[in-house]
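> sharing a sequence plus its predicted fold:
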Amino acid sequence: MTERAEATGGTPPGGRAPQDAAAAGGAPAAEPAAAGGAPAPEGPGGRGSGPAGEPVGGRAVAGRRPGQHLLALLAYGGLSLAMFGPWILGRMTTWFLSASTQDGSIFIWMLRWWPYAITHGINPLHTTAAWAPGGINLAWVTSVPLPAVALSPVTAASGPFLSFNLVELAAPALAAWTAYLLCRHLAGAFLPALAGGFFFGFSPYLIDEFGMGHPNLSLVFLVPLAAYLVVRLLDGSLPARLVVPLLGVVLGAQLYISTETFATLTLMGGLFALIGLAAGPVWRHRLRAAAGPVAGAYAVAAVLGIPLFYALAAWPRPYKPILFATIGHGAQSGGDFLRYLIPGRFTLLWDGSHWGGYGNPWYLGVPLIALLVVFAVTERRRRGTWLLIAGLGVTLVLSIGDTVAVFGAHILPWRLAAALPLLSSAQPGRLVVYAFLLIAVMVARWLARPRRLVLRAALAAAAALVILPNFPGDVWASRVPVPGFLTQGIYHRYLRPGEIVWIVDPHHDRQMIWQARTGFSFRLAGGFFGVTPSGLPTPPRAAMQAHLGTGAITGASVADIRAFLAGHRVGAVLMAEQPRGSDTRRILAAATGVAGVRSGRVVVFQLPTGPTG
């Protein structure tokens, strides 16, 4: 970034660096010779300055860039379609482009909920459609309001599955493209920037979140865009009067996609700024001068986020159990660091035995690690190299979490970060998304150097191949069966509009899909949101009440079920198809006091005289 700022023809927020920067105690006007021996001055060469400092025609470059930007977007979109389209294009309205229907069901529900709530004049950030009658605070849930509202016409016309799958297909392409824009600005060359965009948009991190059906975490295209705007503010190529509203809208939009990503973006942005202070007095001055516009952008985002912030404070925060293992929540042992070397389920080179069905978003691979080492060695005389490496190191250290003991003490810095607002339930391992963005910039800058280009390209190609998504593997599409009882409208004979219904099914995802399929014709006594609302009825066991709310009855007694039915004012129970030999129907009959009526693959228990029979 410092080199790019020196090469720009604009005026940075702290003013131009002195021509004799060494006399000013700042960054030198021209970097020393690179390891290859060729001088690499990166002085003022205008917006079109080449990666090695040679000035090129600014107007000619500016004229080519819009076409190149469009070509890059089309290339990334075509790559996403080529890899994942064959698994879903013929069944976009009935299947998930996801290996996990459990988590994906949350987003199918949300994509239907937001348009429904808005058109019915209901508060979309707190719902009693699930976990009735008390409801749940959706501001603390992965509710993806911005994608849900933006795609509401698609959802209304063709259903939430199509909207979900469109988001999934677009996520890698959009992330790669915005990373390309950042790399294009910093590296000054099209093909290196195109390669850099791939290493972010199709990184193991993003593809893992994509594969697990987490659009809130795979839609990270605003992260490189925020970095792009800040870099242009620092190098003076974009004035503060434009950066403040643009960055403010980007940050506000990120709030309405994922509050966790907004929080980690803020954390890592602050840490990267601290690292940037090491670039010398001139750049410390520029960073201080940029603090005001960035603060102004956060003020814009805060205004845009008022409804969300109000909801975060106005209603009780749901409880989120920490069930994550390995680097996802914090490394447990030295063996977890093999994740940087051994791919997971969603990577083409997966051996079928490591990391189970949860993927491995921390995978780098030997060629990419080698590329980073070579980059550090060959570019070691450039100040920007060490700023990038320092940022990568800080990111990886934070992503380890705070569960590894160092001489018996848990002193890793994530313990301090987790005390900050919105970060207490964030997974530190997800910070690797920022590592891949830094890696994208490193790859682009390294490939943009003219010396030994064939060797550079060969190593970058090897690094790209080993992180390639497992697109031939049958892991990308899933389906949740919906019984004719719902699709054919038979449920209207048994359920009153707005009635509280408890759906008993060993698959946690189905109750969400079934309710969304009916257009919220009934309310759910529970729901699967990844969190449990606070204030649940406590007798006889609060933990059991939360368990029953997911639709499972394993380990529950008849008394437990009766307490749940009474506490949630359940009017009807729908029992989905159960495993062979299950005694669920007998238990529910004993708990409700009524005989169930079978309708197709669903058994209905109506409670006309009260939930305890």
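The structure has been received and is ready for your questions.
> gap between the closest residue to Glu379 other than its chain neighbours and Ile369?
Nearest residue to Glu379, sequence neighbours excluded (CB to CB, 6 or more residues apart in numbering): Thr385, at 4.1 Å. No exception for glycine: its C-beta is placed from N, CA and C like everyone else's. According to CB to CB, to the nearest Å, Thr385 stands 16 Å off from Ile369.
> helix, strand or coil for the nearest residue to Ile513 once chain neighbours are set aside?
Using CB to CB, 6+ apart and skipping residues adjacent in sequence, the residue nearest Ile513 is Val480, 4.8 Å away. Look at Val480: counting by DSSP: H, G, I helix; E, B strand; the rest coil, its state is coil.
> residues in contact with Val480?
If you count contacts by CB atoms under 8 Å, 6 or more residues apart in numbering, Val480 has them with Phe96, Thr101, Ser105, His507, Asp509, Arg510, Ile513.
> so who does the residue sitting nearest the centre point of the chain touch?
With distances taken as CA atoms, centre = their mean, Leu217 lies nearest the centre of the chain, 1.2 Å away. Contact analysis of Leu217 by CB under 8 Å, 6+ apart lists Glu209, Ser258, Glu260, Thr261, Arg430.
> cutoff 10 Å now
142, 171, 205-206, 208-210, 257-258, 260-261, 361, 427, 430, 433 (CB atoms under 10 Å, 6 or more residues apart in numbering).
> from those residues, which has minimum pLDDT?
Minimum pLDDT across the contacts of Leu217 is recorded for Gln427, with 83.
> isn't it up against Leu398?
No. Counting by CB atoms under 10 Å, Gln427 stays clear of Leu398, with 11.3 Å between them.
> which neighbours do the two share?
Taking CB under 10 Å, 6+ apart as the contact rule, Gln427 and Leu398 both touch Thr264.
> so for the two, which sits in the more crowded spot?
The neighbour comparison of Gln427 against Leu398 (other CB atoms under 10 Å) goes to Leu398, with 24 against 19.
> lowest average confidence, helix or strand, in this protein?
The least trusted helix or strand in the chain, going by mean pLDDT, DSSP states H and E, turns out to be helix 21-24, with a mean of 38.
> give me the next element, helix or strand, following that helix.
Counting by DSSP states H and E, the next helix or strand C-terminal to helix 21-24 is helix 58-88.
> tell me the mean pLDDT for the helix or strand that that following helix is followed by?
Next helix or strand after helix 58-88 toward the C-terminus (DSSP H and E): helix 101-119. Helix 101-119 shows a mean pLDDT of 95.
> using CSV, list the CA coordinates for helix 101-119.
C-alpha atoms of helix 101-119 as CSV (Å, rounded to 0.1, in the frame of the first residue of the first chain):
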residue,chain,number,x,y,z
THR,A,101,-29.4,-28.6,4.7
GLN,A,102,-29.4,-28.0,8.5
ASP,A,103,-27.7,-24.6,8.3
GLY,A,104,-29.0,-23.9,4.8
SER,A,105,-32.6,-24.2,6.2
ILE,A,106,-32.0,-21.1,8.4
PHE,A,107,-31.3,-19.0,5.3
ILE,A,108,-34.2,-20.5,3.3
TRP,A,109,-36.5,-19.4,6.2
MET,A,110,-34.9,-15.9,6.3
LEU,A,111,-35.2,-15.4,2.6
ARG,A,112,-38.9,-16.0,2.9
TRP,A,113,-39.3,-14.3,6.3
TRP,A,114,-38.0,-10.8,5.5
PRO,A,115,-40.4,-10.1,2.5
TYR,A,116,-43.2,-11.7,4.4
ALA,A,117,-42.6,-9.5,7.5
ILE,A,118,-42.2,-6.3,5.5
THR,A,119,-45.3,-6.8,3.4
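> next SSE downstream of it?
Downstream of helix 101-119, the next assigned helix or strand under DSSP H and E is strand 126-127.
> need the contact partners of that following strand.
For strand 126-127, contacts defined as CB under 10 Å, 6+ apart pick out 109, 113, 116-117, 135-139, 141, 143, 311, 314-316, 520, 523-524, 527, 529.
> of those residues, which belong to strands?
Ile136, Asn137, Arg523, Leu524 (DSSP state E).
> let's have the residues you listed in JSON lines, adding pLDDT and neighbour count.
Written out in JSON lines, the entries for the ones in strands among the contacts of strand 126-127 read as follows (pLDDT from 0 to 100; neighbours: other CB atoms under 10 Å):
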{"residue": "Ile136", "pLDDT": "94", "neighbour count": "26"}
{"residue": "Asn137", "pLDDT": "95", "neighbour count": "23"}
{"residue": "Arg523", "pLDDT": "97", "neighbour count": "24"}
{"residue": "Leu524", "pLDDT": "97", "neighbour count": "26"}
